[in-house]
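Chemist: Okay, here's the prediction I keep looking at, along with the sequence it came from:
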Amino acid sequence: QAQLVESGGGSVQAGDSLRLSCAVSGRSVSSYDMGWFRQAPGKERDSVGAISRGGRVTYYADSVKGRFTISRDNANNTVYLQMNSLKPEDTAVYYCAATEVFHSARQWDYNYWGQGTQVTVSS
């Protein structure tokens with residue numbers, strides 16, 4: 001069973017960048033496709049994107065395409081979310097999650113979740 005811990009959140013200005021990390025323990029991260037999700041205040045949790053086990057296949061929500069990049073370092077059991085050109089509407093709690101399902105961005109396919117990290121973008 002995997003345990004996930006996110007880090008790297010914070011408060012930034014619009015246009016800035018942040019990199020979130022997700023450290024996985026308990027089982028090799030290479031056993032999972034990994035996803036990033038976010039939940040803004042008063043809204044449902046939505047998918048940001050996902051990355052396949054080997055890192056060759058990625059998916060991004062339209063709202064972040066071209067600005068966010070997901071990558072993974074299986075040797076160090078870590079997954080990253082690089083966020084560039086941040087906007088106030090990117091303000092949310094960001095979660096990483098792991099799934100044994102291949103190539104899914106559906107949150108109900110994800111079995112293991114981190115506790116979340118807050119990202120706040122001010123204009």
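Modeler: Looks like it came in fine. Residues are numbered from 1 along each chain as shown.
Chemist: per-residue confidence for the residue nearest to the spatial centre of the chain?
Modeler: Nearest residue to the geometric centre of the chain (CA atoms, centre = their mean): Trp36, 2.5 Å. Note on Trp36: pLDDT of 98.
Chemist: do Gly55 as well
Modeler: On the pLDDT scale, Gly55 is placed at 93.
Chemist: what's around it, how many residues?
Modeler: Using other CB atoms under 10 Å, Gly55 has 15 other residues around it. Every residue, glycine included, has its C-beta placed from N, CA and C.
Chemist: Repeat that for the one 4 residues further on.
Modeler: Tyr59 is surrounded by 17 other residues when neighbours are defined as other CB under 10 Å.
Chemist: name the element it belongs to?
Modeler: Using DSSP states H and E, the element containing Tyr59 is strand 58-60.
Chemist: going on from that strand, what's the next piece of helix or strand?
Modeler: Downstream of strand 58-60, the next assigned helix or strand under DSSP H and E is strand 68-73.
Chemist: Mind giving me the packing neighbours of that following strand?
Modeler: Using 3 or more CB pairs under 8 Å, 6 or more residues apart in numbering; DSSP states H and E, the elements in contact with strand 68-73 are strand 33-39, strand 45-51, strand 58-60, strand 78-83.
Chemist: Name every strand pairing with the first one and say which way it goes.
Modeler: Read it as strand 33-39. According to DSSP bridges, strand 33-39 forms sheet pairs with strand 45-51 (antiparallel), strand 92-99 (antiparallel).
Chemist: ok, the nearest residue to the residue nearest to the centre of the chain once chain neighbours are set aside - contacts?
Modeler: What sits nearest to Trp36 in space, not counting adjacent residues and going by CB to CB, 6 or more residues apart in numbering, is Val48, at 4.2 Å. Taking CB atoms under 8 Å, 6 or more residues apart in numbering, we find Val48 in contact with 35-38, 60-61, 64, 68, 70, 81, 94.
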